[in-house]
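Peer 1: Next comes the sequence, and after it the predicted model I'd like to discuss.
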Amino acid sequence: PAVKAPVEPVVTLLHRTAYGTLATHSAHLPGYPYASVVPYVVDELHCPVICISALAEHTKNLRADPKMSLSVLQTDASDVQAAPRLTLVGEAERFQPTPAFVARYLRHAPETEPLLALDFSFFRLRPNRIRYIGGLGKMGWIGAADWSALPALTPEKEAALLRELAGTPGNGVRLLGIDCFGIDYENGGQRRRQHFPDAPVTVKRLQDIAARMLAGLS
């Protein structure tokens, strides 16, 4: 049987990283994979979401065949072989976002806003399996059932919680998101992630724990 990977470092890596290498089945060159780097934002279910043009090769490919993979590497890695990395294998689904979801996406990627007036649309990358490598000899798989069972906050609940926590962090910290595993924030133009020591925490405990941790963010 496949060795199971721990969930928390996989969630943390997906949240800390702003881009990955997306591979789709080429519609222009049948039988060949097409891979390129794309920015993404993780949704409330910890699934990467991409916003891409109708003219993009990936859009054409995914409309013909939704199967894809996304490779993510720790952004500050100096040794690729020793750095945490993962490959998400699954299918992409195009969806119409709610206003709350768009607001959440733009907190993480404000440069996307002018693109929404063009032919750009959202695709959610749903994992069937995730392969995680945490370093030499540290590897394993996470299945779709385990991933879909992770606790989640809706964008509306997350936004309400962020409003309650507004003003807690200082020193130029800008809150991006919060979930049952940790806090996403920006400081000095750099995206950062602070994970909860005993993650995942319950939604009921989330506000108290987040408030304590936010006070010490830098």
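Peer 2: Alright, I've got the coordinates. Numbers count the residues shown, from 1 in each chain.

Peer 1: Any stretches of this structure with poor pLDDT?
Peer 2: Applying pLDDT under 70 to the chain picks out residues 1, 167-171, 217-218.

Peer 1: For the residue nearest the centre of it, which residues are in contact?
Peer 2: Computing the C-alpha centroid of the chain and ranking residues by C-alpha atoms, centre = their mean puts residue 42 first, at 2.6 Å. Neighbour list for residue 42: 14, 15, 48, 49, 177 [criterion: C-beta atoms under 8 Å, 6 or more residues apart in numbering]. C-betas here are computed from N, CA, C, even on glycine.

Peer 1: Write the PyMOL selection for whichever of those are buried.
Peer 2: Of the contacts of residue 42, the buried ones can be selected in PyMOL as follows, counting by 16 or more other C-beta atoms under 10 Å:
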select buried, resi 14+15+48+49+177
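
Peer 1: What is the nearest of the contacts of residue 42 to residue 95?
Peer 2: Of all those, residue 95 sits closest to residue 49, with 8.6 Å by C-beta to C-beta.

Peer 1: secondary structure class for the closest one?
Peer 2: Applying DSSP: H, G, I helix; E, B strand; the rest coil to residue 49 yields a three-state assignment of strand.

Peer 1: now do the one 3 residues further on
Peer 2: Assigned with three-state DSSP, residue 52 falls in the strand class.

Peer 1: before we move on, back to that, pick out the most distant pair among the contacts of residue 42.
Peer 2: In the contacts of residue 42, two members sit farther apart than any others by C-beta to C-beta. They are 48 and 177, at 13.5 Å.

Peer 1: Please identify the nearest residue in space to residue 154, excluding sequence neighbours.
Peer 2: Taking C-beta to C-beta, 6 or more residues apart in numbering as the measure, residue 154 lies nearest to residue 44, with 6.0 Å between them; neighbours along the chain are not counted.
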